[in-house]
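Chemist: just coords:
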């Protein structure tokens, strides 16, 4: 199934047209806890991603912006590669024009560019309404050409609706949030708000740190405090066995996905889990974390776009039957709305 001729599904994200629906998430460059590879090898792997049509890269953690900037600078121009980064405000900040512009220009320097393709904004304290002012300043910089598109990151339903209502149509184009078969909180209001305001969801955690894969099928529950788990795996294991259900129920879900994958020509559990999220309302793209230079599953990811990897009503009903035994629909009441776990 996977071949360089497989046609990517694409979508439009504000002014960014024909963007692939699978993005390479660079958060694993933030720490050696995921493993590390030499920078030249990472850039070569970025090149391999682009050759197969994975032309969108996201997140600013660690040296990600710098490495991405070096990589894009080395490409012939013009090129279709998109770089999405973030400005995260974690402490009390007066978002004056100077403060906001300094944050954007830092991104430009690190990424060696004169315009950020997608600037995703995170604001920690909802009690401080400065996030509206900050976004107004970002919009000014967008009008001046320093930013192509503005997105949100981990904003909840109420604040997303508030922001889009106050700023008007077209100012914000996306919200990056957690969304998976385990975490279905976006279906409880967020997708309705996105449909109303024309936003696309950029989803992460879709494979739960790799737990939604064939690797964990028929495997015993790992030790949460094992040094063998990555930071992402510790986070998502805690959600699976404490908020969502039990490891035994999770194994039932993996077996269900394996049966569905076999019906579709043997595609992977990860393919089916990704396809399920891509099929949800307002989802523009799934961000797949890649340990570039170590393990990126690029050939397997490409199978998501193959015509055989399309879920039927029977498939969706089988998945829903397993999910009905979980606490998934109640996570929004125990953890809170999208992004609440980070506040």
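Modeler: Everything's here; your move. This structure is a prediction, so every number in the text was calculated from the model and none was measured.

Chemist: tell me which residues of stretch 8-28 are tucked away?
Modeler: 8, 10, 13-14, 16, 19-28 (16 or more other Cβ atoms under 10 Å). Glycine gets a C-beta too; all of them are placed from N, C-alpha and C.

Chemist: same question for that stretch, mean pLDDT?
Modeler: When pLDDT is averaged along stretch 8-28, the result is 92.

Chemist: Contact partners for the residue lying closest to residue 154 once chain neighbours are set aside?
Modeler: Among residues not flanking residue 154 along the chain, residue 339 sits closest, at 3.2 Å (Cβ to Cβ, 6 or more residues apart in numbering). Contacts for residue 339 (Cβ atoms under 8 Å, 6 or more residues apart in numbering) come out as 153-156, 177-178.

Chemist: Among those residues, which are located in strands?
Modeler: Among the contacts of residue 339, the members found in strands (DSSP state E) are 153, 177-178.

Chemist: Can you tell me which of those is closest to residue 72?
Modeler: residue 153 (21.1 Å; Cβ to Cβ).

Chemist: Now do the closest one against residue 89, distance only.
Modeler: Noted for residue 153: a distance of 11 Å to residue 89, by Cβ to Cβ, to the nearest Å.

Chemist: Common neighbours of these two, please.
Modeler: With Cβ under 8 Å, 6+ apart as the test, residue 153 and residue 89 both reach 121-122.

Chemist: More neighbours: those two, which one.
Modeler: Each of residue 153 and residue 89 has its neighbours counted (other Cβ atoms under 10 Å); residue 153 has more, 23 against 19.

Chemist: Now do the same contact list for the more buried one.
Modeler: Counting by Cβ under 8 Å, 6+ apart, the residues that residue 153 touches are 86, 88, 120-122, 175-177, 339.

Chemist: Dig out what it forms beta bridges with.
Modeler: Beta-bridge pairing for residue 153 (DSSP bridges): residue 176.

Chemist: State the distance from it to residue 132.
Modeler: According to Cβ to Cβ, residue 153 and residue 132 sit 16 Å apart.

Chemist: any idea how far the helix or strand harbouring residue 69 is from the chain center?
Modeler: Secondary structure from DSSP states H and E places residue 69 in helix 64-74. Computed by Cα atoms, centre = their mean, to the nearest Å, the chain-centroid distance of helix 64-74 equals 19 Å.

Chemist: Which strands and helices lie in contact with it?
Modeler: Under the contact definition 3 or more Cβ pairs under 8 Å, 6 or more residues apart in numbering; DSSP states H and E, helix 64-74 sits against helix 39-51, strand 82-89, helix 97-111.

Chemist: How about residues contacting it?
Modeler: 26-27, 29-30, 39, 42-43, 46-47, 57, 79, 81, 83, 85, 107, 110-113.

Chemist: Quick one: distance of stretch 122-141 to the chain centre.
Modeler: 21 Å.

Chemist: how long is that stretch from one end to the other?
Modeler: Start to finish, the residues bounding stretch 122-141 are 17 Å apart (Cα to Cα, to the nearest Å).

Chemist: Please apply the same query to stretch 82-102.
Modeler: Start-to-end span of stretch 82-102 (Cα to Cα) is 22 Å.

Chemist: residues of it that come out buried?
Modeler: In stretch 82-102, counting by 16+ other Cβ under 10 Å, buried: 82-87, 89, 93, 95, 100-101.

Chemist: for stretch 219-235, which positions count as buried?
Modeler: Applying 16+ other Cβ under 10 Å to stretch 219-235 flags 222, 229-230, 232-235 as buried.

Chemist: if we can go back for a sec, now flag whichever of the ones in strands among the contacts of residue 339 is closest to residue 127.
Modeler: residue 153 (18.3 Å).

Chemist: and the helix or strand containing residue 273, what does it pack onto?
Modeler: For residue 273, the host element (DSSP H and E) is helix 269-278. The helices and strands touching helix 269-278, judged by 3+ Cβ pairs under 8 Å, 6+ apart, are helix 247-263, strand 283-289, helix 298-302, helix 313-323.

Chemist: got CSV for these, with mean neighbour count, mean pLDDT and distance to residue 201 too?
Modeler: Formatted as CSV, the helices and strands packed on helix 269-278 follow (neighbours: other Cβ atoms under 10 Å; pLDDT from 0 to 100; distance: least, Cβ to Cβ, whole Å):
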stretch, mean neighbour count, mean pLDDT, distance to residue 201
helix 247-263, 18, 98, 21
strand 283-289, 23, 94, 5
helix 298-302, 19, 86, 18
helix 313-323, 14, 98, 19
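
Chemist: Same list (the ones you listed) but as a markdown table, adding distance to residue 218.
Modeler: Formatted as a markdown table, the helices and strands packed on helix 269-278 follow (distance: least, Cβ to Cβ, whole Å):
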| stretch | distance to residue 218 |
| --- | --- |
| helix 247-263 | 7 |
| strand 283-289 | 24 |
| helix 298-302 | 19 |
| helix 313-323 | 16 |
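
Chemist: out of these, which comes closest to residue 194?
Modeler: Going by Cβ to Cβ, the one of these nearest residue 194 is strand 283-289, 9.0 Å.

Chemist: Sheet-wise, list the partners of that closest one with their directions.
Modeler: Strand 283-289 sits in its sheet next to strand 22-25 (parallel), strand 200-204 (parallel), going by DSSP bridges.

Chemist: For residue 117, give me its contacts.
Modeler: 16, 82-84, 148-149.
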